[in-house]
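1. Next one to model:
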Amino acid sequence: MKLLVISDLHANIDALNAVWEKESDADVVLCAGDVVDWGFYPHETIAWLKERNAVVIYGNHDHEFLKQYDSGVREPLGQETTYMSHCINHTTEEDVAWLRALPETVIVEYDGITYCMKHSVVLHERKSTVQQYLGEYRSIPAFGELWKELVGSSDQKEKRIILGHSHICFLLRAFSNEMYINPGSTHYRKGPDSIEKGADYITITNGIPVMKHVDYPTAHLREKIRKSNFPQNIQTPALVYSGSVVD
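-> Just a heads-up that it's a prediction; the model follows:
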């Protein structure tokens with residue numbers, strides 16, 4: 001069986017299409033959250049996931065989207081000053097209902113391996129996030145504790161926790177039968193390589209995970225950013241994340 005693991009899509013349908021062009025033989029799509037915000041195509045992104053019967057959880061941007069949607073505050077169509085306002089104006093009631101129904105955590109099993117997927121966690125022993133541990137080049141403790149908290153049982157022989165949020169693609173074995181998996185972002189990366197364009201993701205074929213990257217055309221995205229009503233403090237990082245060099 002082949003799994004396609006993605007996260008932090010941020011309403012970027014161009015990136016998803018580029019990934020699917022390479023990985024359309026995947027049997028299952030797993031998405032670790034942040035479907036909307038910081039992108040122009042929330043409706044198309046949701047439709048993409050629904051069409052493939054993807055297993056999806058919500059992320060912090062999805063949660064914030066619903067809060068702002070429920071507030072009733074709207075900017076005029078075509079005059080949005082934030083990605084969030086744009087996404088609110090370009091989703092249907094059915095899209096919103098779909099986002100509202102997303103779970104915080106899912107537990108699934110494929111090829112005898114149990115996966116627990118959650119967008120973001122805080123590891124209790126040192127009150128630090130997974131990405132901070134990676135940045136410090138330190139080992140990650142507390143897999144057992146976290147697994148017990150999220151899953152409740154430790155009877156599974158092979159255990160893997162899928163995370164999103166960091167925009168950092170990594171595979172990290174915590175023990176011989178325990179692994180953290182983060183597919184990074186199909187939209188943009190954080191850190192010193194953030195000006196690189198393209199989508200990061202992970203495939204797992206017959207239980208074997210592989211980190212992957214694919215480039216996709218970004219000229220259309222950059223043009224939409226430049227023509228938007230976004231203020232400079234939003235346009236500048238948006239152009240950087242799309243692979244542009246900003247003076």
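
2. who touches the closest residue in space to I181 that isn't next to it in sequence in this structure?
-> If you skip the residues right next to it in sequence, I181 has I162 as its closest partner in space, 4.8 Å away by CB to CB, 6 or more residues apart in numbering. (C-beta placed from N, C-alpha, C; glycine too.) Contacts of I162 were listed using CB atoms under 8 Å, 6 or more residues apart in numbering, and they are V5, L30, A32, Y115, C116, M117, K118, I181, N182, P183.

3. The second one: which element?
-> This means L30. Counting by DSSP states H and E, the element that carries L30 is strand 28-31.

4. in the chain, which segments are predicted with low confidence?
-> Applying pLDDT under 70 to the chain flags residues 122-141, 189-196, 243-247.

5. Show me where it has its helices.
-> Using DSSP state H, the helices found in the chain span residues 13-23, 42-51, 60-71, 83-89, 93-100, 130-135, 143-150, 219-227, 232-241.

6. closest one to N206 among those helices?
-> Distances from N206 to each of the helices of the chain were compared using CB to CB; the shortest belongs to helix 13-23, at 14.8 Å.

7. picking up where we left off before, who does the strand holding L30 pair with, and is each partner parallel or antiparallel?
-> Pairing partners of strand 28-31, with direction, according to DSSP bridges: strand 2-6 (parallel), strand 55-56 (parallel).

8. what comes up buried for the longest one?
-> Right, strand 2-6. L3, L4, V5, I6 (16 or more other CB atoms under 10 Å).

9. Please state the offset of that strand from the chain centre?
-> Using CA atoms, centre = their mean, to the nearest Å, the mean C-alpha position of strand 2-6 is found 12 Å from that of the whole chain.

10. Stretch 10-27 now?
-> Mean C-alpha position of stretch 10-27 versus that of the full chain (CA atoms, centre = their mean) differs by 13 Å.

11. Only alpha carbons, please: show that stretch as PDB.
-> Extracted as PDB, the C-alpha positions of stretch 10-27 are listed here (Å, rounded to 0.1, in the frame of the first residue of the first chain):
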ATOM      1  CA  HIS A  10      -2.600  26.700   2.900                       C
ATOM      2  CA  ALA A  11      -5.100  26.800   0.000                       C
ATOM      3  CA  ASN A  12      -2.300  26.200  -2.600                       C
ATOM      4  CA  ILE A  13      -4.000  24.100  -5.300                       C
ATOM      5  CA  ASP A  14      -1.000  24.500  -7.700                       C
ATOM      6  CA  ALA A  15       1.200  22.700  -5.200                       C
ATOM      7  CA  LEU A  16      -1.200  19.900  -4.700                       C
ATOM      8  CA  ASN A  17      -1.600  19.300  -8.400                       C
ATOM      9  CA  ALA A  18       2.100  19.100  -8.800                       C
ATOM     10  CA  VAL A  19       2.400  16.600  -6.000                       C
ATOM     11  CA  TRP A  20      -0.500  14.500  -7.400                       C
ATOM     12  CA  GLU A  21       1.100  14.500 -10.900                       C
ATOM     13  CA  LYS A  22       4.000  12.600  -9.300                       C
ATOM     14  CA  GLU A  23       2.100  10.500  -6.700                       C
ATOM     15  CA  SER A  24      -1.300   9.700  -8.300                       C
ATOM     16  CA  ASP A  25      -0.800   6.000  -7.600                       C
ATOM     17  CA  ALA A  26      -1.200   6.600  -3.900                       C
ATOM     18  CA  ASP A  27      -3.900   4.500  -2.200                       C
END
